[in-house]
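Peer 1: Provided below are the primary sequence and the corresponding predicted coordinates.
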Amino acid sequence: MSTEVKVPVLPESVSDATVATWHKKPGESVSRDENLVDLETDKVVLEVPAPADGVLEEIKFDAGETVTANQVLGLIKEGAAPEKDEKSDKSGDEDSAEESGKKDSKGDKPESKAGKAGKSDSKDSKPAKSGKGKDTGDLPPAARKMAAENDVDPDDVKGTGRDGRITKSDVADYLKQAPSGERPEERVRMSRLRSRIAERMKEAQNTAAILTSFNEVDLKAVMDIRKQYKDAFQKAHGVKLGFMSFFVKACCEALQKHPVVNATVDGDEIVYHGYQDVGIAVSTDRGLMVPILRNAHLMSLAQVEAQINEYAEKARKGAIQLEDIQGGTFTITNGGVFGSLLSTPLLNMPQSAILGMHTIKERPVVINGEIVARPMMYIALSYDHRIIDGKDAVQFLVAVKEALEDPNRMLLGL
């Protein structure tokens, strides 16, 4: 009995999918609920589990082909065991027995490679050849050695010696003129997700009037809190106390003070959102994704860290769902984890602003008239200048800076 493996019902607004990877080949055994094939849509990757135990009998759509909901991807033969290549196994056994029999019947061991090599050398001595198999025997010793070491075909070298003979300097001149190594190229088709990312990035540039403002933050106070409470925090909540939760809470506070930064453009109207759904940009092997922290303004530091960890784990497994990335009123992206010192992030449309975090560097700053080293971070706010004025953007960044440089007031709600 064969069971059909079908394309699941696709998420809303997704019309089709591309077969990304089959995890089994025809003839291999599968277990019920085992991930059998990955389908890639414009937004997420869907895992299709095996509907029954058995053997994958047939694949109807190969990687790269487009499918729609409820189409049959393949067939599973229930209860079957994977086929073995008995002929190959038997042939291998017979070959081994035959080889053993020959050795026993002769009563001696086969001639060693060294012995064969010795006979060959004594019988005939051939001139050295280059890696291309061209005869270099008629070259002077020095030229022959250089040609062989550099895989040079003598037919390609113009000789300037007596009677047109090739000299060592001729080979050297040829090497100077020849291309230095291979220049390989590979053409790879964009994945559905990468194409969608490219489309959205270009949409942001073509639609919004993007401008970026900068500021810098002294993170000593945040680092002191983390150092003092990190062990107790992890013990109490089961997650580490990171930097991102402080930035999320600081941004939520700043968004409440400057609601236009949290707004979106809809035709000729501005939509003000009375909540903060903050997207956290996550880099994956398949491309950039932005899962959403719903009602981030109501979340504690521990809840933010736990939700971010959950999304990071899902991203690593390719298990981000469409509902995880839909919506959002504001985005935070952290290029600092890759070492970025400064950048101008692109908007995540239809949002009107995005905050860019960067790497933390100790820099000299003036505190109370003295020059001291402090852990500093540049922060950048890219925003849609159609609705957000420079004043709003600058004041938003200042509010984020103040919240992070005095986190006790933020945590106490002061």
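Peer 2: It's in.
Peer 1: Tally up the residues packed near Asn309, please.
Peer 2: By the criterion of other C-beta atoms under 10 Å, Asn309 has 14 neighbours. (C-beta placed from N, C-alpha, C; glycine too.)
Peer 1: distance between the helix or strand where it lies and the chain's centre?
Peer 2: If you go by DSSP states H and E, Asn309 is part of helix 301-317. From the chain centre to the centre of helix 301-317 is a distance of 18 Å (C-alpha atoms, centre = their mean, to the nearest Å).
Peer 1: Who are the packing partners of that helix?
Peer 2: helix 220-237, helix 244-257, strand 282-284, strand 292-293 (3 or more C-beta pairs under 8 Å, 6 or more residues apart in numbering; DSSP states H and E).
Peer 1: which stretch in those has the least confidence?
Peer 2: Ranked by mean pLDDT, the helices and strands packed on helix 301-317 bottom out at strand 282-284, which scores a mean of 82.
Peer 1: distance of the closest residue in space to Gln256 that isn't next to it in sequence from Lys249?
Peer 2: Computed as C-beta to C-beta, 6 or more residues apart in numbering, the closest residue to Gln256 that is not its neighbour in sequence is His297, at 6.9 Å. Taking C-beta to C-beta, to the nearest Å as the measure, His297 falls 8 Å from Lys249.
Peer 1: Settle it for me: which of these two has more neighbours?
Peer 2: Taking other C-beta under 10 Å, His297 and Lys249 do not tie; Lys249 has more neighbours (22 against 18).
Peer 1: Now for that one: which residues touch it?
Peer 2: Ala296, Leu301, Val304, Ala403, Met410, Leu411 (C-beta atoms under 8 Å, 6 or more residues apart in numbering).
Peer 1: now swap in Lys77 and tell me
Peer 2: Applying C-beta under 8 Å, 6+ apart, the residues near Lys77 are Met1, Ser2, Gly54, Val55, Glu57.
Peer 1: Could you export those residues as JSON lines, including pLDDT?
Peer 2: Shown next, in JSON lines, are those (pLDDT from 0 to 100):
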{"residue": "Met1", "pLDDT": "82"}
{"residue": "Ser2", "pLDDT": "88"}
{"residue": "Gly54", "pLDDT": "91"}
{"residue": "Val55", "pLDDT": "92"}
{"residue": "Glu57", "pLDDT": "90"}
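Peer 1: From these, which land in helices?
Peer 2: Using DSSP state H, no member of those falls in helices.
Peer 1: Now a PyMOL select for only the buried ones of those residues.
Peer 2: Listed next is the PyMOL selection for buried residues among the contacts of Lys77, using 16 or more other C-beta atoms under 10 Å:
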select buried, resi 54+55+57
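Peer 1: In strands, which of the contacts of Lys77 appear?
Peer 2: Ser2, Gly54, Val55, Glu57 (DSSP state E).
Peer 1: The last one touches Leu73, doesn't it?
Peer 2: Which is Glu57. No: using C-beta atoms under 8 Å, Glu57 is not in contact with Leu73; the gap is 11.9 Å.
Peer 1: tell me, what's touching those two both at once?
Peer 2: By C-beta under 8 Å, 6+ apart, no residue touches both Glu57 and Leu73.
Peer 1: Counting by contacts, list what the top strand by length along the chain packs against.
Peer 2: The single longest strand within the chain, with elements called by DSSP E, is strand 370-384. Counting contacts by 3+ C-beta pairs under 8 Å, 6+ apart, strand 370-384 packs against strand 210-218, helix 220-237, strand 353-357, strand 361-367, helix 390-405.
Peer 1: Okay, now the sheet partners of that strand, with direction.
Peer 2: Strand pairing for strand 370-384, determined by DSSP bridges: strand 210-218 (antiparallel), strand 353-357 (antiparallel), strand 361-367 (antiparallel).
Peer 1: Which of the ones you listed sits closest to Gln256?
Peer 2: strand 353-357 (13.9 Å; C-beta to C-beta).
Peer 1: which residues sit against the closest one?
Peer 2: 243, 247, 251, 261-262, 330-336, 343-348, 377, 379-384, 388, 393, 396, 400.
Peer 1: Save the helices and strands packed on strand 370-384 as JSON lines, and put in mean neighbour count and distance to Asp170 too.
Peer 2: JSON lines is the format used below for the helices and strands packed on strand 370-384 (neighbours: other C-beta atoms under 10 Å; distance: least, C-beta to C-beta, whole Å):
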{"stretch": "strand 210-218", "mean neighbour count": "18", "distance to Asp170": "58"}
{"stretch": "helix 220-237", "mean neighbour count": "14", "distance to Asp170": "65"}
{"stretch": "strand 353-357", "mean neighbour count": "25", "distance to Asp170": "57"}
{"stretch": "strand 361-367", "mean neighbour count": "11", "distance to Asp170": "55"}
{"stretch": "helix 390-405", "mean neighbour count": "18", "distance to Asp170": "66"}
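Peer 1: Can you convert these into JSON lines and add a column each for distance to Glu34?
Peer 2: Listed next are these as JSON lines, based on distance: least, C-beta to C-beta, whole Å:
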{"stretch": "strand 210-218", "distance to Glu34": "45"}
{"stretch": "helix 220-237", "distance to Glu34": "34"}
{"stretch": "strand 353-357", "distance to Glu34": "39"}
{"stretch": "strand 361-367", "distance to Glu34": "47"}
{"stretch": "helix 390-405", "distance to Glu34": "46"}
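Peer 1: Would you mind saying which of the ones you listed lies nearest Glu310?
Peer 2: Glu310 lies closest to helix 220-237 among the helices and strands packed on strand 370-384, at 13.3 Å (C-beta to C-beta).
Peer 1: Off-centre distance for the closest one?
Peer 2: 31 Å.
Peer 1: Which other helices and strands does it contact?
Peer 2: Using 3+ C-beta pairs under 8 Å, 6+ apart as the contact test, the elements touching helix 220-237 are helix 301-317, strand 370-384, helix 390-405, helix 407-412.
Peer 1: weakest of those by average pLDDT?
Peer 2: Note on the helices and strands packed on helix 220-237: helix 407-412 shows the lowest mean pLDDT, a mean of 84.
Peer 1: list the buried ones in it?
Peer 2: Pro407, Met410.
Peer 1: try stretch 190-199
Peer 2: For stretch 190-199, by 16+ other C-beta under 10 Å, it's Ser191, Arg192, Leu193, Arg196, Ile197.
Peer 1: Then stretch 241-254?
Peer 2: Result for stretch 241-254 [16+ other C-beta under 10 Å]: buried residues 241, 243-254.
Peer 1: got the contact list for Gly318?
Peer 2: Asp38, Val45, Glu47, Thr284, Asp285, Arg286.
Peer 1: Then Glu216?
Peer 2: With contact set as C-beta under 8 Å, 6+ apart, Glu216 has these partners: Met376, Met377, Tyr378, Ile379, Lys401.
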